[in-house]
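Novice: structure of the sequence below:
(one chain, ligands or ions: 1)
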Amino acid sequence: MHMKRRSIAIDGPSGAGKSTLAKQLAAELGFHYVDTGAIYRTVALAACRNGIDCGDGAAVAKLLPDLEITLNYGKDGFQHMYLDGEDVTEAIRQEEISVYTSRVAAIPAVREFLLETQRRLARQHDVIMDGRDIGTVVLPQADLKIYLTASPEARARRRYLELIARGEQVDLDHVLRDVVERDRRDMEREVAPLRQAENAVVVDTTGLDLKESFRLMLNHIKTCLGA
Ligand code: DC
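Specialist: Okay, here's the model as predicted:
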């Protein structure tokens, strides 16, 4: 008999720890981790490389049918993104692309284009999927929805340390401004804005380290799924 796949939706603003925690939880539970931000980032990278103004919805929409975006999971279980066969897993992480992505993600045609890709992954695997609209739009029937958040200052600080560790030259104030601007765009856009699903469990990681956040989330998952 075909077993129903299980799904856990994690939504929240940038820098709350979604991807790190979702990755660890997926490894613990034997689920696939689906990083939907990476998929949006790949579309943004393609638009950027084609010299398209990310505010020009019609031009970005026109590009979509020609895009060859694929993903696979390496032996490490890590999600790799490919654009026209090129592994762009690293390239999509640049700060410039982060800002570009929040604008591309506000384009309705882009969200529509990526919806089925995300749902298909959840039909094929047990997933922990993170994003902004997973519990509200992509997987409204998810077995568990977690809204993961933290103060803008805490999130900017984490992002700053991450970028510095990667060798990028940034300053904290600039990163905080980007975080606040990205929150605003993600929460105020018309299509699929970031918001807490009605039946989501809220986890605030402001005063928590990774281990504490992980334990808290794992407890919620175990209680809910009996996993
Ligand atoms: O999670 P992230 O920082 O990689 O996301 C990059 C951008 O993409 C961010 O501005 C929000 C947007 N995004 C979205 O609108 N919907 C998703 N499901 C995932 C990301």
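
Novice: make it CA atoms for all contacts and neighbour counts henceforth
Specialist: Will do.

Novice: could you show which parts of this protein are in contact with the ligand?
Specialist: Residues of the chain lying close to the ligand by Cα under 6 Å from any ligand atom are 14, 36-38, 40-41, 98, 101-102, 105, 131-133, 182, 186.

Novice: A150: what's it in contact with?
Specialist: G15, A16, D204, T205, T206 (Cα atoms under 8 Å, 6 or more residues apart in numbering).

Novice: which one of the residues you listed is nearest the ligand?
Specialist: Nearest to the ligand among the contacts of A150 is G15, at 7.1 Å by Cα to the nearest ligand atom.

Novice: tell me how many other residues surround that closest one.
Specialist: By other Cα atoms under 10 Å, the residues close to G15 number 23.

Novice: test my guess that it contacts Y160.
Specialist: No - checked against Cα atoms under 8 Å, the pair G15 and Y160 is beyond contact range at 9.8 Å.

Novice: on that earlier part again, which members of the contacts of A150 are classed as buried?
Specialist: Applying 16 or more other Cα atoms under 10 Å to the contacts of A150, the neighbour count classes G15, A16, T205 as buried.

Novice: minimum pLDDT in the contacts of A150, which residue is that?
Specialist: Among the contacts of A150, G15 has the lowest pLDDT, at 86.

Novice: need phi/psi at it.
Specialist: Torsion angles at G15 (phi, psi; degrees, to the nearest 10) stand at phi 80, psi 10.

Novice: which residues does the nearest residue to it once chain neighbours are set aside contact?
Specialist: The shortest distance from G15 to any non-neighbouring residue, by Cα to Cα, 6 or more residues apart in numbering, is to R155 (4.7 Å). R155 makes contacts with S14, G15, A16, V179, as judged by Cα under 8 Å, 6+ apart.

Novice: need the contact list for the second one.
Specialist: Contact analysis of G15 by Cα under 8 Å, 6+ apart lists A150, R155, A156, R158, R159.

Novice: now, the most widely separated pair of the residues of the chain next to the ligand?
Specialist: Longest distance between any two of those is 17.3 Å, between S98 and D133; criterion Cα to Cα.

Novice: hang on, the earlier thing: would TSV of the contacts of A150 with secondary structure be doable?
Specialist: Formatted as TSV, the contacts of A150 follow (DSSP: H, G, I helix; E, B strand; the rest coil):
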residue	secondary structure
G15	coil
A16	coil
D204	strand
T205	coil
T206	coil
